[in-house]
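Q: after the sequence you'll find the predicted model.
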Amino acid sequence: MEYNELNEEERKVILNKGTERSFSGAYWNHYEKGTYTCRQCNAELFPSDSKFDSFTGWPSFDDAIEGAVKEVLEADSGRTEIVCASCGGHLGHVFKGEGMTDKDTRHCVNSLSLDFKAND
C-alpha cells in the first residue's frame, strides 16, 4: 500500500503515537459536512454527523465507519488506543461511559491524523 508523505509533526503523532496540543489542530472546531479520512492512507474513518464538541480541544466522534478503526488496549496506561484499521496509524484514544452522547462513546482524535473530504 502506498502512503501519503507525512511531515515531522504528523510522523510524531501517526507513527510514534504522539498527541498534538489541545485546541491546536485544524479539525477540533470544524463542522463541515463530509468524511474524515486517515492522513496516512486516505481510508474513510468518521462521518461528519458523528462529530460533536467534547470541550476537550480535540476532534471527537461518537461513532466510526464500520471496520475503519481498531481498538488496542495500552498495557502501560490502561487506555484504549485507536488506530486506522487499514494502515495502523495512530489516531488517538477512545473513551466509553462518559455520558457525552447517546452512544456514550468518545473517539478523541488528533487533527494531525486526519484529512477531510467534503460532501459534493
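A: It's in. Numbering: from 1, shown residues only.
Q: the helices in the chain, which residues?
A: Per DSSP state H, the chain carries helices over the ranges 8-14.
Q: ok, which stretches of the protein are strands?
A: 34-38, 44-47, 51-52, 60-61, 69-73, 80-84, 90-96, 105-109, 114-118 (DSSP state E).
Q: just give the number of residues close to residue 102.
A: Counted with other Cβ atoms under 10 Å, residues neighbouring residue 102 total 7. Where you see a C-beta, it was placed from the backbone N, CA and C, and this is true even at glycine.
Q: show me what contacts it?
A: residue 62 (Cβ atoms under 8 Å, 6 or more residues apart in numbering).
Q: export the strands of the chain to CSV and tack on distance to residue 12, mean neighbour count and mean pLDDT?
A: Shown next, in CSV, are the strands of the chain (distance: least, Cβ to Cβ, whole Å; neighbours: other Cβ atoms under 10 Å; pLDDT from 0 to 100):
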stretch, distance to residue 12, mean neighbour count, mean pLDDT
strand 34-38, 16, 21, 98
strand 44-47, 19, 21, 98
strand 51-52, 24, 18, 98
strand 60-61, 21, 26, 98
strand 69-73, 18, 15, 96
strand 80-84, 15, 19, 98
strand 90-96, 10, 21, 97
strand 105-109, 15, 23, 98
strand 114-118, 15, 15, 98
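Q: and the ones you listed as TSV, adding distance to residue 20?
A: Below are these laid out as TSV (distance: least, Cβ to Cβ, whole Å):
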stretch	distance to residue 20
strand 34-38	15
strand 44-47	16
strand 51-52	17
strand 60-61	14
strand 69-73	18
strand 80-84	15
strand 90-96	9
strand 105-109	10
strand 114-118	11
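Q: and residue 26, which of these is closest to it?
A: Closest approach to residue 26 among the strands of the chain (Cβ to Cβ): strand 114-118, 8.0 Å.
Q: so what strands line up beside the closest one?
A: strand 34-38 (antiparallel) (DSSP bridges).
Q: contact partners of the strand it pairs with?
A: Among residues not part of strand 34-38, those counted as contacts by Cβ under 8 Å, 6+ apart are 27, 43-48, 51, 59, 61, 65, 84, 86-87, 89, 91, 109, 113-119.
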